[in-house]
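# Structure of the sequence below:
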Amino acid sequence: MVETLVMRVAAIDCGTNSIRLLIADIDGAHFREIHREMEIVRLGQGVDKTGQFHPDAIIRTLAAVDKFAVEIAKRGVEKIRFCATSATRDATNRDLFIDGVRERLGIAPEVIPGEVEAALSFQGATRDFPATDGPFLVIDIGGGSTEFVFGTTTVEFAKSMNIGCVRMSERHFTGGDADPGQIAAAIEDIDEAIAQAAKIVPITQAKTLIAVAGTATTVAAAALDLPTYDRYAIHLSRIPAEKVHSASKMFLRSTQEQRAALGYMHPGRVDVISAGTLVLSRIMHATGATEFVASESDILDGMAWSLAK
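Numbering: from 1, shown residues only. Now for the predicted structure:
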């Protein structure tokens with residue numbers, strides 16, 4: 001009998017809105033989660049407008065990296081992978097951030113292109129599904145970009161578009177709460193991006209639409225009427241399209257105070273959930289999908305699995 005070695009790995013996903021840590025033990029085809037946490041740091045604050053990281057955003061993010069470094073050392077991690085996505089791709093002063101991470105963890109973050117981000121999201125999102133549920137369309141609505149990924153067992157088509165929830169909020173909903181003119185402009189912007197993605201990715205051909213990341217899971221929490229955020233209730237829940245559209249209208253009509261009072265709403269999503277949910281709603285319209293499956297497994301899980309190879 002061949003004995004497989006257990007490897008303890010850490011994956012850090014640094015996006016436009018949040019930075020997340022996953023520590024897991026991987027033994028062949030077996031995966032055991034040891035620790036998972038998230039900090040909303042808004043690294044991409046203002047990047048869409050200025051093309052640079054704001055100094056305060058770098059400070060917030062590196063403070064979270066300090067916290068993660070302590071956890072990684074305490075847990076005896078053997079291998080680390082740190083990936084930075086949309087905002088870091090766009091920021092001209094990204095070296096300030098990269099150098100800060102290297103000082104704290106001893107490794108430089110990989111500034112991954114959208115195609116790599118898409119492949120990792122696909123790997124993480126589809127592991128809980130049999131191939132017979134494919135082909136899949138995985139939608140990853142991040143802070144800066146939204147990934148459209150199509151395939152059955154591997155990625156066949158992928159496109160990254162700059163319509164993340166932070167970017168759309170900063171571009172269209174600058175006053176905090178949305179008015180009809182802003183909503184119309186945002187819809188036009190989002191629909192144009194979806195149409196561009198659809199030239200490459202066959203978005204209407206999937207058997208199963210899987211949506212990952214905080215916007216999708218928050219929409220699932222709203223649709224399920226959860227009193228508080230419960231990742232185990234959310235994971236693999238099937239959310240009808242009409243519930244997505246009604247959640248989008250509800251968030252767009254509500255004030256920041258009303259959204260903040262929702263028990264399942266993370267404080268760091270209050271000001272960007274309206275834009276994020278509008279993106280998801282427009283994708284549901286464009287694909288013709290009757291439902292999406294919410295997955296709590298995403299790029300972070302894909303990164304962890306990649307370390308075991």
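# how many other residues sit next to residue 143?
Using other Cβ atoms under 10 Å as the criterion, residue 143 is surrounded by 33 other residues. Just so you know, the C-beta spots here come from the backbone N, C-alpha and C atoms, and that holds for glycine as well.
# Do you know the pLDDT at it?
pLDDT recorded at residue 143 is 86.
# for residue 32, same thing?
90.
# For it, give me its contacts.
With contact taken as Cβ atoms under 8 Å, 6 or more residues apart in numbering, residue 32 is in contact with 24, 25, 26.
# now the strands for this protein?
For the chain, strands defined by DSSP state E occupy the ranges 7-14, 18-27, 30-40, 79-84, 110-111, 136-141, 146-151, 155-161, 208-212, 238-240, 291-295.
# out of those, nearest to residue 275?
strand 136-141 (9.5 Å; Cβ to Cβ).
# Report the angle between that closest one and strand 146-151.
170 degrees (axes from the mean of the first three to the mean of the last three Cα atoms, to 10 degrees).
# Show me what strand 136-141 is in contact with.
Contacts of strand 136-141 (Cβ under 8 Å, 6+ apart): 117-118, 121-122, 125-126, 129, 146-152, 164-165, 201, 203, 205-213, 215-216, 276, 279-280, 283, 287, 289, 292, 298-299.
# pLDDT below threshold where in the stretch 1-150 of the chain?
1-4, 86 (pLDDT under 70).
# give the contact list for the nearest residue to residue 222 once chain neighbours are set aside.
The shortest distance from residue 222 to any residue other than its chain neighbours is 4.6 Å, reached at residue 247 (Cβ to Cβ, 6 or more residues apart in numbering). By Cβ under 8 Å, 6+ apart, the contact set of residue 247 is 219, 222, 223, 277, 281.
# Recalculate using a threshold of 10 Å.
Neighbouring residues of residue 247 by Cβ atoms under 10 Å, 6 or more residues apart in numbering: 218, 219, 220, 221, 222, 223, 239, 273, 277, 280, 281.
# how about the last one, what does it touch?
Contact analysis of residue 281 by Cβ under 10 Å, 6+ apart lists 187, 190, 219, 241, 244, 245, 246, 247, 248, 249, 251, 252.
# Give me the domain ranges for this protein.
7-112, 115-295 (automatic domain parsing).
# can you tell me how far the residue nearest to residue 222 sits from residue 294?
12 Å (Cβ to Cβ, to the nearest Å).
# Then residue 57?
Residue 57 is 28 Å from residue 294, by Cβ to Cβ.
# Just the helices from the stretch 151-300 of the chain, written as ranges.
165-172, 180-198, 214-223, 231-234, 241-253, 256-260, 273-287, 299-307 (DSSP state H, counting those that start in this stretch).
# between these, which gets nearest to residue 41?
Nearest to residue 41, of the helices of the stretch 151-300 of the chain and by Cβ to Cβ, is helix 165-172 at 11.1 Å.
# by contact count, what packs against the closest one?
Under the contact criterion of 3 or more Cβ pairs under 10 Å, 6 or more residues apart in numbering; DSSP states H and E, helix 165-172 touches helix 47-50, helix 86-90, strand 146-151, helix 180-198, helix 214-223, helix 273-287.
# if I pick residue 201, what's in contact with it?
Residues near residue 201 by Cβ under 10 Å, 6+ apart: 118, 137, 147-151, 155-159, 161, 194.
# 7 Å instead, please
148, 150, 157, 158, 159 (Cβ atoms under 7 Å, 6 or more residues apart in numbering).
# what two of the residues you listed have the greatest distance between them?
Maximum distance among these (Cβ to Cβ): 9.1 Å, for 150 and 159.
# Top of the contacts of residue 32 by number of neighbours, please.
For the contacts of residue 32, neighbours tallied by other Cβ under 10 Å; top is residue 24, 22 neighbours.
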